[in-house]
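Give me the fold of what follows.
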Amino acid sequence: MKVKKILVSQPQPSSEKSPYFDICEKYGVEMVFRPFIKVEGLTAKEFRQSKINLSDYTAIIFTSRTAVDHFFRLCEEMRVKVPDTMRYFCTTESIAVYLQKYIVYRKRKLALGKTGKLNDEQLMAAMVKNGKEKFLFPISDVHKDDIKTLSDKGLDVTKAVMYRTVSNDFQPGENLDYDMLVFFSPAGIASLKKNFPDFDQDKEEIFIATFGSTTAKAVEDAGLRLDVQAPTPKHRSMPDAIEAFLAENNKE
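I've put the predicted structure just below:
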């Protein structure tokens, strides 16, 4: 079966130079960009139920720009003034730069990692150096970061759920008229099952592509067939994996 229409469960790329658009032109396929999930912030009332007092913390760990947004949003809603003495520990430089949206950029109050991981050697060293601080770690309800490594270093770290991932519902009666579905998180698979509980992959002749091992496992756990996977040694990106599949599947 040739692939003619693909649903990519992410927002549409802002740049016209996206490899997805190159694929459309090269193989004559249509791509629709529509997230299966969306991020929803906890209200101040919901957050108060966690019994976490934001004023008690002297350092913040950020692993995403979404976490930055929801931390400062909740501080504003709860009328908590973030002190100038607050220290920030970011897993990437782009997150650190994004902080300028909310704070005056002071390098002496800021540390960042090189690898994008929480256990980054450089970031960890900076946190251990400031081991007397009381760390707050804003996260979503679905997260993969384990703070055991930080706790083992004697750091006082508290996870704080500030936002959640929810299903981006389809309209009643809306058809899933695609030849391929592309997912980037287990939550996307859960949303598929919620929106289309009677989804029959073989009957509807739909290919499934995933990015990441946890998403691939979610497909398997849902009893579905995985047709395209990235990253792999041969295909490091999702567009690369899709193009390779189309080159083989759609050939005359």
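
Could you measure from residue 15 over to residue 38?
If you measure residue 15 against residue 38 using C-beta to C-beta, to the nearest Å, the figure is 22 Å. (Glycine included, C-beta is placed from N, CA and C.)

What of residue 134?
Taking C-beta to C-beta, one finds residue 134 at 32 Å from residue 38.

Next: residue 232.
28 Å.

and stretch 178-189, how far out from the chain's middle?
Stretch 178-189 has its C-alpha centroid displaced from the chain centroid by 14 Å (C-alpha atoms, centre = their mean, to the nearest Å).

for the protein, which spans come out with low pLDDT?
Across the chain, the ranges flagged by pLDDT under 70 are 106-108, 144-145, 252.

excluding its backbone neighbours, what's nearest the most centrally placed residue in it?
By C-alpha atoms, centre = their mean, the mean C-alpha position of the chain lies nearest to residue 185, the distance being 7.5 Å. With C-beta to C-beta, 6 or more residues apart in numbering as the criterion, residue 185 has its nearest non-adjacent residue at 5.7 Å, and that residue is residue 215.

what do you get for residue 6?
Residue 6's closest residue in space is residue 180 (C-beta to C-beta, 6+ apart), at 4.5 Å.

What's the local residue count around the one you found?
Residue 180 has 22 neighbours, counted by other C-beta atoms under 10 Å.

list the contacts for it?
When contacts are counted by C-beta atoms under 8 Å, 6 or more residues apart in numbering, residue 180 touches 3, 5-7, 206-209, 227-228, 242.

Pull out the buried residues from those.
The neighbour-count criterion (16 or more other C-beta atoms under 10 Å) marks 3, 6-7, 206-209, 227-228, 242 among those as buried.

on that earlier part again, comparing residue 15 and residue 38, which residue is more hemmed in?
residue 38 (14 against 6).

Quick check: the more buried one is in a strand.
Yes - counting by DSSP: H, G, I helix; E, B strand; the rest coil, residue 38 is part of a strand.

Hmm, it is touching residue 164, no?
No - taking C-beta atoms under 8 Å as the definition, residue 38 is not a contact partner of residue 164, at 9.7 Å.

Run through the strands of this structure in chain order.
5-8, 30-33, 37-41, 59-62, 87-90, 110-112, 134-140, 156-167, 180-183, 207-211, 228-230 (DSSP state E).

For burial, what's the neighbour tally of residue 186?
21.

got it, and the one 3 residues further on?
By the measure other C-beta under 10 Å, the count of residues near residue 189 is 26.

what does residue 238 give?
By other C-beta under 10 Å, the burial measure for residue 238, its neighbour count, is 23.

What of residue 166?
Residue 166 is flanked by 14 other residues according to other C-beta under 10 Å.

Wait, the residue nearest to the centre of the chain touches residue 38, no?
No - using C-beta under 8 Å, residue 185 is not in contact with residue 38; the gap is 11.7 Å.

Much appreciated, bye for now.
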